[in-house]
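Trainee: Sequence and predicted model, in that order:
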Amino acid sequence: MNLNFTARAAQAGVQVRLLEAERESLIRSISANSTTLALLTSATNMQNRAKELGFVPATRADIEYLYIPNYIGKQPEPVTIPRSVADQENFRMIPAFTQSIWDWLYQGTFIMLDKEGQ
């Protein structure tokens, strides 16, 4: 029984080592592929590929703007203005929201002790 358990533990250990080695290999492969992708999609490389395909940089004369009737466009997001320093001085939080749990427990304990002492 003990030998069987030891053999299974050793086998699991070997399997873990093999999986860790495979994981490290995959991480290196992903890193190499990310580097290759970065090189292929760099601005200089993309510009050269575009020239090879016959593209040319656009000039002002090449750009045509379209008017789309009844298009509202993006709506602006409402922005909240942070409280000013003067507002923060007048703003007081209720102690129940600023106390720690320990302060609350100690306070409750002292109130209970005071009631028992009377």
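Mentor: Received it, and whenever you're ready, just let me know what you need.

Trainee: now the helix or strand containing G108: mean pLDDT?
Mentor: Secondary structure assigned from DSSP states H and E places G108 in helix 101-117. For helix 101-117, mean pLDDT is 73.

Trainee: do the same with stretch 59-74
Mentor: pLDDT averaged over stretch 59-74 gives 89.

Trainee: could you point out the longest helix in this structure?
Mentor: helix 2-40 (DSSP state H).

Trainee: what comes up buried for the helix holding G108?
Mentor: Neighbour counts over helix 101-117 (16 or more other C-beta atoms under 10 Å) mark no residue as buried. Yep, even glycine has a C-beta here, placed from its N, CA and C like the rest.

Trainee: Just the CA atoms of that helix, as CSV, please.
Mentor: Included here for helix 101-117 are C-alpha records, laid out as CSV according to Å, rounded to 0.1, in the frame of the first residue of the first chain:
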residue,chain,number,x,y,z
ILE,A,101,-15.6,47.8,13.7
TRP,A,102,-13.3,47.7,16.7
ASP,A,103,-14.2,51.2,17.8
TRP,A,104,-17.9,50.3,17.5
LEU,A,105,-17.4,47.0,19.5
TYR,A,106,-15.4,48.8,22.2
GLN,A,107,-18.1,51.6,22.4
GLY,A,108,-20.8,49.0,22.7
THR,A,109,-18.9,47.1,25.4
PHE,A,110,-18.4,50.3,27.5
ILE,A,111,-22.1,51.2,27.2
MET,A,112,-23.0,47.7,28.3
LEU,A,113,-20.5,47.8,31.2
ASP,A,114,-21.9,51.2,32.3
LYS,A,115,-25.4,49.9,32.3
GLU,A,116,-24.4,46.9,34.4
GLY,A,117,-22.5,49.1,36.8
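
Trainee: and that helix, what does it pack onto?
Mentor: Using 3 or more C-beta pairs under 8 Å, 6 or more residues apart in numbering; DSSP states H and E as the contact test, no helix or strand touches helix 101-117.

Trainee: now do 10 Å
Mentor: In terms of contacts (3 or more C-beta pairs under 10 Å, 6 or more residues apart in numbering; DSSP states H and E), helix 101-117 is packed against helix 95-98.

Trainee: Many thanks, have a good one.
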